[in-house]
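Trainee: this one's sequence-less:
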């Protein structure tokens, strides 16, 4: 372990597995029929089931928030709980909040459009408008916990979560914060789901009856994962993993980027899927095409590399699933050592992260 | 002032702009120095709209225009303007950090929320595909053949300044040799309706920092700054237009839309940026304010400047250039950074237009009337936004 690297000391999540502090267990979940959209044709997705946030986060008020802001607030709070951080004892101006999303507050954006359709543009709701902004979830986390450090909302074509994690580590490295809560995820809405369906990207498993002739293997998902990244920890409190940096690019030589990150062969490879609603490479394929180029598949097999496949429930969080992929990989107790988390996407886009996973 | 290690000094080596004055920083500079207001009535933005806006009259043609939103096209034009003359290979390796709040909302209509399937049948999928905030950065990458990392920033009206701060961090981290950083937002019925519903719009041309101010006017535009380390700029013989000496980001944690009435969060960002820059309060020669013209923002900002600059030998010169080009939302911080650099390079203290009766303060000189010639070795651009986010950028001249 390297004392100079920031550590992931807490996880929180609101996902189809429920609202959870720490790692997940019982990783079996199936897409469920979407009952929340009464006018829509019945379809299936991996969904977050309704829950009472106040039972998990004392004092939290979420009545006026959309689901994404609510989940971000709960997941961030659970990550802080999991890390055992008492905010009353630390300088809250030194805590950053970074939120990554593919579609932002799309539910309230649709609601705002709906009000414009019904009442005209002069009859829209002033309460809803500020909550449509993409940074509303990060704002609510800062407001509830009194966090006055940098507050950022970020996006990326495929790897918004990975980008947020890298930027968080950069803030810590440059002394612009001591701790960073990194949050990533999305909520499904009728217009987003319908876009996938019209584009022919949905898996036959999404259709309650009569799947169309043209289909793919994508099952949309929703939820939010959060982690706490802290710098300067003592060796006895080092958390789930240390974050040792990464690279991402729109296109380019992922193998070269991986070699830059790993002077020697990594012990573990976590697949972070394709970052988009398209067919996900099996992890072995990801390994061969990218990691294999960097180190050759022979050296990997000699070192008994363990490859942790991505799960469809995280693949379904197109664009923002990176933290959820990481949480699911660590929840499967993959072993210890240097880990490569790798996502690849169309056009040669990739995100490669290096983590140091301690022995449990 | 002594510049630190050139490897750790961030230089601005090019500025690309699309503003209501037109394409290019020369048009922006000429318009500002002429004191020309771009604000005009825009009843056609949506039925019932009676506000003033600042519009970009025309945009360069692009291939496959149906694939891009107006915010994308503003960004693509500004980025192309910034990158003229850059070696293709260097551009390919560069990073992109682009801010937006509107992104593709310009391309989507209310009917999408009533019957999405019918709307997609009618309008196609491409228009809705411009909705994610990431599309603006990706469009710049596609347009210019950039393969490096592309990051989208959406932190309300502080977005553009935050994009520059994050790009500076990326350069110090050695992630990219050069970064294109900025912001782009187009006028849209969605945002106009939102600010209209909040009663935040001044139906007349806005009057930031005037006692009679009534609200903001919306604008549109994009600015992209080319950032690289000073050492990298020198190695390729590029002229540094200015040095980004300090940057900081904070949050008020006060209210979801209203600023901290005492301006403490923004003051904290300004102090941190000055600390990073190694500048004292007497060394800052000009502040390009957030200055929206809303009653709440401008009084909070005034309190903030009093907190930060009290004790200066002379009142701090402050103006809001939103009085020229409106509030360009996610692009505002980048456009105002560009304007701050132009003001430094022209030694021009730009006034706030239509400022007749400024908020009283012993610590602040709210600039008005004609522009004034004055050497500005260091200047600050500040931004704030819904959600309580603040950003401050300190620029220094290359010679200082």
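Mentor: Thanks, I have the structure now. Please read all numbers here as calculations on a predicted model, not as lab measurements.
Trainee: in the stretch 151-300 of chain A, which spans are strands?
Mentor: A:151-155, A:179-186, A:223-230, A:241-249, A:268-271 (DSSP state E, counting those that start in this stretch).
Trainee: of these, which shows the lowest average pLDDT?
Mentor: Between the strands of the stretch 151-300 of chain A, the lowest average pLDDT goes to strand A:268-271, which shows a mean of 89.
Trainee: enumerate the residues of the stretch 1-150 of chain A near chain B.
Mentor: Proximity of the stretch 1-150 of chain A to chain B is confined to A:92-93, A:97, A:102-104, A:106, A:109-114, A:116-117, A:120-122, A:124-126, A:129-136, A:138-140, A:142-143, A:145-150 under the rule CB under 8 Å from any CB of the partner chain. C-beta: built from backbone N, CA, C; applies to glycine.
Trainee: may I see the buried residues of stretch B:375-386?
Mentor: Neighbour counts over stretch B:375-386 (16 or more other CB atoms under 10 Å in any protein chain shown) mark B:376-386 as buried.
Trainee: quick revisit: out of the strands of the stretch 151-300 of chain A, which is closest to chain B?
Mentor: Closest approach to chain B among those is made by strand A:151-155 (3.6 Å; CB to the nearest CB).
Trainee: direction included, what does the closest one pair up with?
Mentor: strand A:95-100 (parallel), strand B:150-153 (antiparallel) (DSSP bridges).
Trainee: tabulate the ones you listed in TSV, adding columns for mean neighbour count, mean pLDDT and distance to residue A:164.
Mentor: Formatted as TSV, the strands paired with strand A:151-155 follow (neighbours: other CB atoms under 10 Å in any protein chain shown; pLDDT from 0 to 100; distance: least, CB to CB, whole Å):
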stretch	mean neighbour count	mean pLDDT	distance to residue A:164
strand A:95-100	31	98	4
strand B:150-153	31	98	9
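Trainee: mind putting the ones you listed in a markdown table, distance to residue A:227 included?
Mentor: What follows is the strands paired with strand A:151-155, written out as a markdown table (distance: least, CB to CB, whole Å):
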| stretch | distance to residue A:227 |
| --- | --- |
| strand A:95-100 | 10 |
| strand B:150-153 | 19 |
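Trainee: wait, which of those strands is closest to residue B:70?
Mentor: Among those, the nearest to residue B:70 by CB to CB is strand B:150-153 (16.4 Å).
Trainee: could you chop the chain up by domain?
Mentor: All of this refers to chain A. A:7-230, A:241-357 (automatic domain parsing).
Trainee: other chain: chain B
Mentor: According to automatic domain parsing, chain B comprises the domains B:6-235, B:245-396.
Trainee: next to chain A, which bits of the stretch 301-400 of chain B? Give me the list.
Mentor: Counting by CB under 8 Å from any CB, the residues of the stretch 301-400 of chain B that sit close to chain A are B:385-389.
Trainee: from residue B:26, how far out is the nearest residue to residue B:145 once chain neighbours are set aside?
Mentor: Among residues not flanking residue B:145 along the chain, residue B:92 sits closest, at 5.9 Å (CB to CB, 6 or more residues apart in numbering or on different chains). Distance, residue B:92 to residue B:26, by CB to CB, to the nearest Å: 27 Å.
Trainee: show me what contacts residue 211?
Mentor: Since you didn't name a chain, this refers to chain A. Residue A:211 sits next to residue A:204 when contact means CB atoms under 8 Å, 6 or more residues apart in numbering or on different chains.
Trainee: hmm, no, I was thinking of chain B.
Mentor: Neighbour list for residue B:211: B:357-359 [criterion: CB under 8 Å, 6+ apart].
Trainee: next: residue B:159.
Mentor: By CB under 8 Å, 6+ apart, the contact list for residue B:159 reads B:99-101, B:153, B:183, B:329-331, B:333, B:385.
Trainee: over to residue A:84: give its phi and psi.
Mentor: phi 70, psi 30 (degrees, to the nearest 10).
Trainee: that older thread, compare the strands paired with strand A:151-155 and give me the one nearest residue A:203.
Mentor: strand A:95-100 (24.7 Å).
Trainee: backbone dihedrals for residue A:18, please?
Mentor: Residue A:18 adopts backbone torsions of phi 110, psi -170, taken as degrees, to the nearest 10.
Trainee: mind checking the SS state of the residue nearest to residue B:145?
Mentor: What DSSP: H, G, I helix; E, B strand; the rest coil gives for residue B:92 is helix.
Trainee: looking at the domains of chain A, which has the lowest confidence?
Mentor: If you rank the domains of chain A by mean pLDDT, domain A:241-357 sits at the bottom with a mean of 82.
Trainee: and stretch B:19-27, what's buried?
Mentor: B:19-25.
Trainee: not counting its neighbours along the chain, what's nearest residue A:237?
Mentor: residue A:9 (7.1 Å).
Trainee: so where do the helices sit in chain B?
Mentor: Listed in chain order, the helices of chain B (DSSP state H) span B:25-33, B:70-83, B:88-93, B:111-114, B:116-123, B:126-129, B:134-144, B:159-172, B:189-197, B:230-235, B:264-277, B:295-309, B:322-325, B:332-346.
Trainee: can I get those helices in TSV with mean pLDDT?
Mentor: Shown next, in TSV, are those (pLDDT from 0 to 100):
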stretch	mean pLDDT
helix B:25-33	98
helix B:70-83	98
helix B:88-93	96
helix B:111-114	96
helix B:116-123	96
helix B:126-129	95
helix B:134-144	97
helix B:159-172	98
helix B:189-197	96
helix B:230-235	97
helix B:264-277	98
helix B:295-309	97
helix B:322-325	98
helix B:332-346	98
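Trainee: make TSV from the ones you listed and add distance to residue A:21 to it.
Mentor: Shown next, in TSV, are these (distance: least, CB to CB, whole Å):
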stretch	distance to residue A:21
helix B:25-33	51
helix B:70-83	38
helix B:88-93	41
helix B:111-114	35
helix B:116-123	35
helix B:126-129	36
helix B:134-144	30
helix B:159-172	29
helix B:189-197	36
helix B:230-235	44
helix B:264-277	29
helix B:295-309	37
helix B:322-325	44
helix B:332-346	36
